[in-house]
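Student: how would this look folded up:
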Amino acid sequence: MAVKASVTRKGAVLLGKYVACDGFHETRPLRVVTHAHADHLIGLRQSLKHCERVLMTPATKDLIDVMRGPLFLMMGNVETLMYNQPFRYSDEEITFHFADHILGAAQVLVEDNEGTRILYTGDFKLRGTPTVEADVLVIEATYGCPSRTRPFDASVENVLVSLVEQGLQEGTVYVFGYHGKIQEVMQILRKAKIRVPFVAPEKVFHVSKVCEKHGMRLGTILLSTEDEGRKLLRSNSPCVAFYHMGSRHKVGQGSFRVCVSGWEFRSVCRRIGDREYVVALSDHSDFEDLLEYVRRCRPKEVITDNYRVGDAVALAREIWRRLKIPAKAVP
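Tutor: The predicted structure is shown next:
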């Protein structure tokens, strides 16, 4: 029987005969971008030059336009697909299904002419992600090690809100995270009735505006480079300033600071400085949730993504040991 899915040494997830997800492959006419994080945009410039079509959701396209500039995607033939909108190429059909990760994230299902259903999850959080049944499953393995569990997930948002409210009593609170997760924090705080202004640098601001365009409700956001936002930060007025994690050592020194990270498994919140905390907010499934997705999906075989950060080898081993479903880490 032909191999119907694989992961290459350059990070391309191959599904069926025609599709390469999240990486470039010279023999594949279709490139899929599951979401707008950097480790899933590998080889995108090559794909734009060489692939017949590059497929992504409308929200992912808008995010890439902000992150890479509006001319970048114009190098190739980009087509946006809505969730549950089948796209036929030759004798195979490609369908995007929602994935609870960052805005626009998608699971990718390929159905071939033999009726085989081949699914790639991309990155996802089990809560909020619909299960798609498949014969062959390629699954992310970010938290594939059995020790990567977070039994406290349900309380994380409440702790985050309380911590920000505590910091606002002293003035400006600085929040550090990655694109997508930053906007998730904004939405959590707004739902908790925190009404102070949000302040953000240009890229975070424009990513946030894309998220609002696609339905997120984030309230007032001011640019940190314009007068009103700059004045709030200089005077240490009550507001929440959102910066990319890469700016953590450049701004907000000495202020009340909160970093959001999925790589926290022992506690919901950990103090790392005099007025600095890490909160365990994740947009990935933990180990138990990865196993649960496989259980619900009911595949005949599983491939764990061993190219990206995680523990694909351990996950494959545990899928076989606990679920008795053949699984292997690739590459």
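Student: residue 27: neighbour count?
Tutor: By other Cβ atoms under 10 Å, 8 other residues sit near residue 27. No exception for glycine: its C-beta is placed from N, CA and C like everyone else's.
Student: hmm, I was thinking of residue 223
Tutor: Around residue 223 there are 16 residues (other Cβ under 10 Å).
Student: and residue 313, how far is that from residue 94?
Tutor: According to Cβ to Cβ, to the nearest Å, residue 313 and residue 94 sit 29 Å apart.
Student: more crowded one of these two?
Tutor: With neighbours defined as other Cβ under 10 Å, residue 313 and residue 94 compare such that residue 94 has more, 23 against 15.
Student: secondary structure element holding the more buried one?
Tutor: strand 92-98 (DSSP states H and E).
Student: so for that strand, mean pLDDT?
Tutor: Mean per-residue pLDDT for strand 92-98: 99.
Student: what about dumping the CA coordinates of stretch 296-309 to PDB?
Tutor: The C-alpha trace of stretch 296-309 is given here as PDB (Å, rounded to 0.1, in the frame of the first residue of the first chain):
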ATOM      1  CA  ARG A 296     -11.800  10.200  19.500                       C
ATOM      2  CA  CYS A 297     -10.400  10.400  15.900                       C
ATOM      3  CA  ARG A 298     -10.200   6.500  15.700                       C
ATOM      4  CA  PRO A 299      -7.400   6.300  13.100                       C
ATOM      5  CA  LYS A 300      -5.900   3.100  11.800                       C
ATOM      6  CA  GLU A 301      -2.400   4.600  12.000                       C
ATOM      7  CA  VAL A 302      -0.800   7.700  13.500                       C
ATOM      8  CA  ILE A 303       2.200   9.800  12.600                       C
ATOM      9  CA  THR A 304       3.600  12.200  15.300                       C
ATOM     10  CA  ASP A 305       5.300  15.300  14.000                       C
ATOM     11  CA  ASN A 306       9.000  14.900  14.900                       C
ATOM     12  CA  TYR A 307      10.200  18.000  13.000                       C
ATOM     13  CA  ARG A 308       8.800  20.700  15.300                       C
ATOM     14  CA  VAL A 309       9.400  21.300  19.000                       C
END
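Student: show me where the stretch 51-200 of the chain has helices.
Tutor: Under the criterion DSSP state H, counting those that start in this stretch, the stretch 51-200 of the chain contains helices at 58-68, 156-168, 181-191.
Student: packing partners for the longest one?
Tutor: For helix 156-168, the elements it packs on are strand 173-177, helix 181-191, strand 256-260, strand 276-279, judged by 3 or more Cβ pairs under 8 Å, 6 or more residues apart in numbering; DSSP states H and E.
Student: low-scoring stretches of the stretch 151-300 of the chain, by residue?
Tutor: The model of the stretch 151-300 of the chain has no residue with pLDDT under 70.
Student: sorry, back to before: dump the helices of the stretch 51-200 of the chain into a markdown table; add distance to residue 48 and mean neighbour count as well.
Tutor: Output for the helices of the stretch 51-200 of the chain, formatted as a markdown table (distance: least, Cβ to Cβ, whole Å; neighbours: other Cβ atoms under 10 Å):
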| stretch | distance to residue 48 | mean neighbour count |
| --- | --- | --- |
| helix 58-68 | 10 | 20 |
| helix 156-168 | 38 | 17 |
| helix 181-191 | 26 | 21 |
